[in-house]
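*Asks:* This is a predicted model, with the sequence first.
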Amino acid sequence: MAEHDHPTAPDCPAVDFRAIADKIVGTCLRVRPGEVVQIGGGVHNFAFVGALAAAVRRAGAFAELNVTSDDLQLETLTTVPLEYLQMVPRHRLKWLEDVDALIVTDSVADPRRALSVPEERRRAAEAAAEAVQRHIFERGLRVLYVPYPTPAARAGLPITFPNLWTMFWRAVDVDYEAMQQEAAAVAAALEGATEVRLLSDNGTDLTLTVGDRPVLVDDGVMSDDDVEQGDTAVNLPAGEVFVAPVETSVHGRVVIDFAYRNGQTMRGLELTVEQGRVTLQGTAQGGCAFREVLAMGHGDVDVIGELGIGLNPGVDRFCGYGPTDEKRRGTVHLSLGENRYFGGNNAADFHWDLFIERPTLVVDGRTVIDAGTLRL
């Protein structure tokens, strides 16, 4: 169980799931003796699920497994009567009364298979699942989510699956204590900042204000302080400090090194920004795709809603895979659209990250990043 080759990609190097699971259980989720931890996953990643369960027991806690498969999901969605699909599983709500924490990984290898099911049936099943999620939230249970890359998840991305697989697990298996300290230092630098200046060799020169907006830390560790403040969710890979800047304070020019959406890779996008609102200049690769994304959105989709700084040393490239791109160490991303859930005012139907690869970031005269290198 300690090592596992992906069953559908024999070229992928083995991963020491035992060591990673111990780190997730002990360092990230801080499982305590006597606790009950529910672990959700699928048949395709059961080696990982099993490693997590064993790590929970080594921590003196008890693991309960909730496992499904692609075939079972599809069979359920297509053959169960609609009235039963939408039934709330009351027994699960009762089980959760005895649960202290949850570790969740992807339950199916190819989520695209469910798209063949009529929308009415998918929505019925989702409504029942949402009732369980609300109960988890209302109880304040600690929840850790870690994806599980599969060839289906990589489909269409500008990266080979073996490279994605290796980078992903390297980004999960990091020194969380060191990253926690770095994240705290970056957050302290940003808090209350009156002038943040973003520069790059390719022509980016942008200023913004943080003011009294909350600076948030994604360091992969659920501390006692986090739980006391109601922050009971962790997503891995971790490694990001982010803030919703004062939207109307964002001014200047930015050249986007990488963006990805709807199967399209975009590079070298030149944007001018006035009072937070972006305008595309020139005809860089992906310019048409960029305009199409904004045209299809609703609300403040063309307004800068986030400044994010990546801290994870395990991520070495952009590839369009959301769980890793925004965590790449020494990079900055500016996001368009929705940001109300972390302190902003943008109301939009999407949140989209745009990346600067070797930025310089100066906060109230202090250089925090110098050409992609953190200066803390």
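*Replies:* Nice, thanks for sending it over.
*Asks:* Just the CA trace of stretch 299-311, in CSV.
*Replies:* The C-alpha trace of stretch 299-311 is given here as CSV (Å, rounded to 0.1, in the frame of the first residue of the first chain):
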residue,chain,number,x,y,z
GLY,A,299,-21.8,40.6,-14.2
ASP,A,300,-18.4,42.0,-13.3
VAL,A,301,-16.5,39.5,-15.4
ASP,A,302,-14.1,42.1,-16.8
VAL,A,303,-13.1,43.5,-13.4
ILE,A,304,-10.0,42.5,-11.4
GLY,A,305,-11.2,40.6,-8.3
GLU,A,306,-8.1,39.0,-6.9
LEU,A,307,-4.3,39.4,-6.4
GLY,A,308,-2.8,36.0,-5.5
ILE,A,309,0.8,34.9,-4.8
GLY,A,310,1.9,31.3,-5.3
LEU,A,311,4.1,29.7,-2.7
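*Asks:* In that stretch, which of the residues would be classed as buried?
*Replies:* Of the residues in stretch 299-311, those buried by neighbour count under the rule 16 or more other C-beta atoms under 10 Å are 300, 301, 302, 303, 304, 305, 306, 307, 308, 309, 310, 311. In this view, the C-beta of every residue, glycine as well, is placed from N, C-alpha and C.
*Asks:* swap in stretch 80-92?
*Replies:* Using 16+ other C-beta under 10 Å as the test for burial, stretch 80-92 gives 85, 86, 92.
*Asks:* Among the residues you listed, which one lies nearest to residue 25?
*Replies:* When these are compared for distance to residue 25 (C-beta to C-beta), residue 92 wins out at 22.3 Å.
*Asks:* List the contacts of the closest one.
*Replies:* When contacts are counted by C-beta atoms under 8 Å, 6 or more residues apart in numbering, residue 92 touches residue 132.
*Asks:* If I look at it, what pLDDT would I see?
*Replies:* On the pLDDT scale, residue 92 is placed at 92.
*Asks:* Spell out the secondary structure type for it.
*Replies:* Classification of residue 92 into helix, strand or coil gives helix, according to DSSP: H, G, I helix; E, B strand; the rest coil.
*Asks:* Quick check: it vs residue 145, distance?
*Replies:* Computed with C-beta to C-beta, to the nearest Å, the distance linking residue 92 and residue 145 is 18 Å.
*Asks:* Residue 136 contacts residue 95, correct?
*Replies:* No. Contact criterion C-beta atoms under 8 Å: residue 136 and residue 95 do not qualify, at 11.2 Å.
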